[in-house]
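# Predicted model, plus sequence, below.
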There are 4 protein chains.
Amino acid sequence: MVKVGFLGAGFINNVHADILLRQESVCISAVVDADVERAAALAARTGARVCPSLQALLESGVDAVFIAPPNALHAEAALAALAAGVHVFCEKPMATSLEDARRVRQAAADAGAIYQLGFNRRFAPTYRFLKGLVESGELTPRWAHIKMNRGELEKPSWVADASLSGGFLHESTIHILDMARWLLGEAQEVVCRAAQGCHDQLDEFAAIISFGSGVTATLCSCAHATWLFPFERLEVFGDHAAAVVEEMERVTYCPGLGRTAVTHDQAQLPMPEKLGYVEEDGLFLKAVAGEILPAVSAEDGYRAEELVEACYRAARTGEPVRLPL
Amino acid sequence: MVKVGFLGAGFINNVHADILLRQESVCISAVVDADVERAAALAARTGARVCPSLQALLESGVDAVFIAPPNALHAEAALAALAAGVHVFCEKPMATSLEDARRVRQAAADAGAIYQLGFNRRFAPTYRFLKGLVESGELTPRWAHIKMNRGELEKPSWVADASLSGGFLHESTIHILDMARWLLGEAQEVVCRAAQGCHDQLDEFAAIISFGSGVTATLCSCAHATWLFPFERLEVFGDHAAAVVEEMERVTYCPGLGRTAVTHDQAQLPMPEKLGYVEEDGLFLKAVAGEILPAVSAEDGYRAEELVEACYRAARTGEPVRLPL
Amino acid sequence: MVKVGFLGAGFINNVHADILLRQESVCISAVVDADVERAAALAARTGARVCPSLQALLESGVDAVFIAPPNALHAEAALAALAAGVHVFCEKPMATSLEDARRVRQAAADAGAIYQLGFNRRFAPTYRFLKGLVESGELTPRWAHIKMNRGELEKPSWVADASLSGGFLHESTIHILDMARWLLGEAQEVVCRAAQGCHDQLDEFAAIISFGSGVTATLCSCAHATWLFPFERLEVFGDHAAAVVEEMERVTYCPGLGRTAVTHDQAQLPMPEKLGYVEEDGLFLKAVAGEILPAVSAEDGYRAEELVEACYRAARTGEPVRLPL
Amino acid sequence: MVKVGFLGAGFINNVHADILLRQESVCISAVVDADVERAAALAARTGARVCPSLQALLESGVDAVFIAPPNALHAEAALAALAAGVHVFCEKPMATSLEDARRVRQAAADAGAIYQLGFNRRFAPTYRFLKGLVESGELTPRWAHIKMNRGELEKPSWVADASLSGGFLHESTIHILDMARWLLGEAQEVVCRAAQGCHDQLDEFAAIISFGSGVTATLCSCAHATWLFPFERLEVFGDHAAAVVEEMERVTYCPGLGRTAVTHDQAQLPMPEKLGYVEEDGLFLKAVAGEILPAVSAEDGYRAEELVEACYRAARTGEPVRLPL
């Protein structure tokens, strides 16, 4: 029986709770949230008890903790849990600074406990389909065109506060940066232009990312583009071939000139499967059980943060930024 | 009565011929094409006669000439026509080098004849709808994301030969560069990465273009992405607003969060209207009649060529290129 | 201040509650539900108290009641409320037999209280757009093609029980029958074929409905077609014109051959606006205030039930059924 | 070497000619068309000679003839060819009356030559995909919903003349009737309502067709619905499964509740492959070579005509019509 605690009782930990409640091997035992009512509601429906603090939660005998407070609190929470020997499932981002990301990566390496990051897109059927095309050799990416306009910096309210979010790129953009790296390999260079459009922080970005694999990607990420479908889109072009993921709803592949294009539409899938949460939670439990390594590692978290940092740095200086930093 | 000659008897001049045949004020009188059969066919159905050379055509008493041979021949043909005092409608690009573009611009300024460039997208209902949103103030562009993957460098066969096409960016990409400038203002800086993917020339480009208006655009242009719809897409983001043109088929506008998105679908329009040819030809005739200035000027042609040159230069050097060159 | 009670504390009355909570002139005072926990939850968040029975609710001093138990209970509840002089907002269907529909219609005519039926599609922006085309004379319907495959007879569980639902046509199909009548006029004849496909009741229907306006409509309604978008679609054809509503998500209108088709996509609208609930509730409050007549009348409810009955009768006999019954 | 003649030099025989020109075993030797210029153009590009009449063509030594004049001439032409021992590929419809269809069926049975009908949809990748689902048992059709609004009775001009076309249902609607029969089995009963909407013949039809397989289909067919995509759509519903063909462009299959829907989009396929012409011509050549039976038989042609006749008869009488007639 794995005893699980939740740091944060908002939307995403409620999703994880629903998934874990279906696992016989899991017992949800503790919940912490600054919003006591929210904590109580999650505790009530999972049979857990409310703890007054993360420290109390870690001392309550939990084996693992799902970390989902505002971004700026992720790193310290993960460090505390790892120090206590508690397994960590941490929502993205790993941290809101490269220095903190390094500390978490080191702690994860040193700890006896495992650390897994919540890059759920890796487990969404759309992106997995694309990954399968690449891994099987069916599609060899040569060039890419990426848009990540998810977000309006309003809900939840803290995302508007860069001191809590770490800045807009730490919101959904970091997901697509991880996706790009996962699909296209390690980045070598980032060029970026950014501006402050409609919010009191940089909220529109244009970047060119060059990968060691030879692939180059454009990236547009904008916090004020409405939610016009698809606000998230990743297009990969091969040798007379194209694949497109539109949000985690649809993936289309066309293998050549004059050929049939096949679309897999996941609109009807239950949300937790569609967004990869069921799969990532299952893999986390396997990692906790010692059967596999974490499906998304601390190294993955660090590299994504490095890409975020490279974008901000390139935007600030106007100069290309080489990676690794 | 305007006497019109055609230099080139391929697809596009046949389209122009169909449009002009419906104009009572126009008489198609002369055709030149290296492919004599093609010239004869166009001549036969328009009542024109075949001329052995451009020079013969210009001396045959035409008032205007539609220039549509391979790209590398555009500039010299236009210069000859303008020198002969013959009005010019020239398919894009104006030239295949900035130096030639400058010469044509100068000649157009000096000539008594008018010069209009075939940037037909400006007259396609999709792009005109978008332009209307911008001009009316309904949508103030802040950021843009552009893809131009039209083309496979196979048809017609000469487009594969960079010495005839001027290079891939002179094909359809120059259209979208003109569009961007038309919608977003003069460009100030271009960053570009390019590679040779599947053909024997640079055939994949990633660029960031910064405009004086404050708008920044990403541009992906790739000659090996199949014709998966939409291979041409221009997305403009305003203050919680988004507009998307997908080829010259559809334009969608969403004015804000939680609002209705409206799509105008032009799929059923006759091709010459849908692609703007009818409108541009009508405006050319008006310009020839002295009623208006050319709808797409030599300056427009030069600026588009300058953007092409800036992309190639930025790709070659790896450095940002400032405009004007 | 209008004191409102809820009979039923499931999904739809929670939607109504959210809307009414934003109305200063409304006080939610009483809730009844066979599921006491559900009643308590709705009561708690609206400041109402739980009543043990409809009778108790009606005697508690409410001015109006929202009736949303399983279908078979609608008629008796409405009759009781009207008898008590309490205004009624009743979810569809009005009743599950024509005889009961007649009784409710009569009671609504005799009562001092108003009766409004929850045919929310009449207020969904998609269908209202279509209605506007028809009312303005822009589109004169001549023929129609309708699909209503919403539903899988599983959720909520009682819909699988024809003795509670009144039969599959009383579920979502009655909505589209009301739509057809609202848009196309009174029906004159129904031909229908039906079968028992995948459930223990008639669950697949093919009908031809002829309207007094001269319009004829095909109708397919099937309870086992998955939720493939669009499971609900109404197409109306005019004189070289076509309009299509796809669920309450999108409406497209094409006014003629070779013309632009315009789509209004409501995907981003908040659900209560998109599905017409906000509008219908606002109109109900106005009717309660005596400012207008009920936006969907008891006569409308009766006519829809009549169409349902005509379909079942025509399917049973194999003969065309003339209306009114 | 198979010597082929063309009766009719319009669009469709030009498509067949392009396909046959790529076959080394085929020689196009003769062309007949009332429009002599059109005949000459086709003859010129195929190396054939123009014949003054069908009789002359049949006597010119051709092995096979492609019959594509206006519908009302199909039957007599086929009878003449079969009588002359010439193989027949006849565009649909087989005839414009049931009596004529019977005569052709009989002649085809008696002749030494083969007879194949041009129901090309059977060879379009979209419909073949659907047929494959059904034949493999993956999808067992239970119910269907069909729209066939192709056509505006304007182009070519003779289609507006019911004495030449045989009536609107002989235009594209007969294709979908054949499709329905091919997919769903022999029809047993037809109910139909029709009206004269915007042309001087019955031009809008609503039908319910019941098949021996137990499947019932609604059919809407309307000659004034513009060309709004998709004007042709066939939806088949199984036990919690749905498949949709939209024109010969796209086919979508969803195998169950909460499952992925897969779309095969054929937009990029060359038209002759996409519409099944290449395949049907290849099969015709095999049948001529004696390797296989005709892929679409005279019996198929007769049954489709019978369905057309049943629709007209049911519309005229208002009574259900049983099949076979």
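Great, that's in hand.
# pLDDT value on the residue in the stretch 101-250 of chain A that chain C sits nearest to, please?
Minimum separation of the stretch 101-250 of chain A from chain C (C-beta to the nearest C-beta) falls at residue A:227, amounting to 5.4 Å. In short, each C-beta sits where N, CA and C put it, glycine included. Looking at residue A:227, its pLDDT is 97.
# From chain B, how far out is it?
According to C-beta to the nearest C-beta, to the nearest Å, residue A:227 and chain B sit 7 Å apart.
# Likewise for residue A:229?
Separation of residue A:229 from chain B (C-beta to the nearest C-beta): 8 Å.
# Also residue A:196?
10 Å.
# Help me confirm that that residue comes into contact with residue A:203.
Yes: at 6.3 Å, residue A:196 and residue A:203 qualify as touching, with contact defined as C-beta atoms under 8 Å.
# okay, those two: which has more neighbours?
Between residue A:196 and residue A:203, counting by other C-beta atoms under 10 Å in any protein chain shown, residue A:203 is the more crowded of the two (25 against 10).
# list the contacts for the more buried one?
A:153, A:168, A:195-197, A:222-224 (C-beta atoms under 8 Å, 6 or more residues apart in numbering or on different chains).
# And for the residue of the stretch 101-250 of chain A closest to chain C, the neighbour number?
20.
# Next, format the contacts of residue A:203 as CSV and append pLDDT.
Below are the contacts of residue A:203 laid out as CSV (pLDDT from 0 to 100):
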residue, pLDDT
A:153, 94
A:168, 98
A:195, 98
A:196, 97
A:197, 95
A:222, 98
A:223, 98
A:224, 97
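# Let's see which of the residues you listed end up in helices.
Per DSSP state H, helices hold no members of the contacts of residue A:203.
# Farthest pair within the residues you listed?
Spatial extent of the contacts of residue A:203 (C-beta to C-beta) is set by the pair A:153 and A:195 at 14.5 Å.
# show me the contacts for the nearest residue to residue A:213 once chain neighbours are set aside.
Distances taken as C-beta to C-beta, 6 or more residues apart in numbering or on different chains put residue A:185 closest to residue A:213, at 3.9 Å, once the chain neighbours are dropped. For residue A:185, the contact set (C-beta under 8 Å, 6+ apart) comprises A:211-213, A:215.
# could you redo the last one with a cut-off of 6 Å?
With contact set as C-beta atoms under 6 Å, 6 or more residues apart in numbering or on different chains, residue A:185 has these partners: A:211-213.
# can you pick the most crowded of the residues you listed?
Most surrounded of the contacts of residue A:185: other C-beta under 10 Å gives residue A:211, at 20 neighbours.
# List the beta-bridge partners for that residue.
residue A:187 (DSSP bridges).
# quick one, what contacts it?
Contacts of residue A:211 by C-beta under 6 Å, 6+ apart are A:184-185, A:187.
# In TSV, list those residues along with pLDDT and distance to residue A:103.
Below are these laid out as TSV (pLDDT from 0 to 100; distance: C-beta to C-beta, whole Å):
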residue	pLDDT	distance to residue A:103
A:184	98	27
A:185	98	26
A:187	98	22
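# hmm, the strand or helix carrying residue A:313 touching chain B?
Using DSSP states H and E, residue A:313 maps to helix A:298-317. No: with C-beta under 6 Å from any C-beta of the partner chain as the measure, helix A:298-317 is seen stopping short of chain B, the closest distance being 10.1 Å.
# that older thread, make a PyMOL selection of the buried ones in the contacts of residue A:203.
Only the buried entries of the contacts of residue A:203 go into this PyMOL selection, using 16 or more other C-beta atoms under 10 Å in any protein chain shown:
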select buried, chain A and resi 153+168+195+197+222+223+224
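# Name the nearest of the contacts of residue A:203 relative to residue B:79.
Looking across the contacts of residue A:203 and measuring by C-beta to C-beta, the closest to residue B:79 is residue A:195, at 41.7 Å.
# so what's that closest one closest to, chain neighbours aside?
Nearest to residue A:195 is residue A:204, by C-beta to C-beta, 6+ apart, at 5.3 Å.
# Please apply the same query to residue A:21.
Distances taken as C-beta to C-beta, 6+ apart place residue A:46 nearest to residue A:21, at 6.4 Å, with adjacent residues excluded.
# cool, and residue A:41?
Residue A:41 sits nearest to residue A:9 (C-beta to C-beta, 6+ apart), 7.0 Å away.
# I am assuming that neighbour contacts residue A:44, so please confirm or correct that.
No: here residue A:9 does not reach residue A:44: they are 10.5 Å apart, not a contact under C-beta atoms under 6 Å.
# ok, now which ones touch residue A:242?
Taking C-beta under 6 Å, 6+ apart as the test, what residue A:242 contacts is A:254, B:225-226, B:228.
# For the strand or helix carrying residue A:234, which helices and strands make contact with it?
If you go by DSSP H and E, residue A:234 is part of strand A:232-238. Counting by 3 or more C-beta pairs under 6 Å, 6 or more residues apart in numbering or on different chains; DSSP states H and E, the packing neighbours recorded for strand A:232-238 are strand A:143-148, strand A:241-246.
# Pick the most deeply packed of those.
strand A:143-148 (a mean of 26; mean count of other C-beta atoms under 10 Å in any protein chain shown).
# Could you list the residues in contact with that one?
Against strand A:143-148 from outside (C-beta under 6 Å, 6+ apart): A:172-173, A:176, A:215, A:217-221, A:232-237, B:145, B:147, B:204, B:220, B:222.
# Filter those down to the buried ones.
Here, 16+ other C-beta under 10 Å leaves A:172-173, A:176, A:215, A:217-221, A:232-237, B:145, B:147, B:204, B:220, B:222 buried among the contacts of strand A:143-148.
# quick one: low-confidence parts of chain A?
Counting by pLDDT under 70, chain A contains no low-confidence residues.
# what residues does it put near chain D?
Close to chain D, as judged by C-beta under 6 Å from any C-beta, chain A has residues A:258, A:260-266, A:268, A:270.
# go again using 10 Å as the cut-off
A:125-126, A:129, A:250-252, A:254, A:256-270, A:273-274 (C-beta under 10 Å from any C-beta of the partner chain).
# so of those residues, which ones are in strands?
A:250-252, A:254, A:261-265 (DSSP state E).
# and those, which are buried?
Looks like those have A:250-252, A:254, A:261, A:263-265 buried, using 16+ other C-beta under 10 Å.
# Could you save those residues as a markdown table and add columns showing distance to residue D:101?
A markdown table is the format used below for those (distance: C-beta to C-beta, whole Å):
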| residue | distance to residue D:101 |
| --- | --- |
| A:250 | 45 |
| A:251 | 47 |
| A:252 | 43 |
| A:254 | 42 |
| A:261 | 39 |
| A:263 | 40 |
| A:264 | 43 |
| A:265 | 42 |
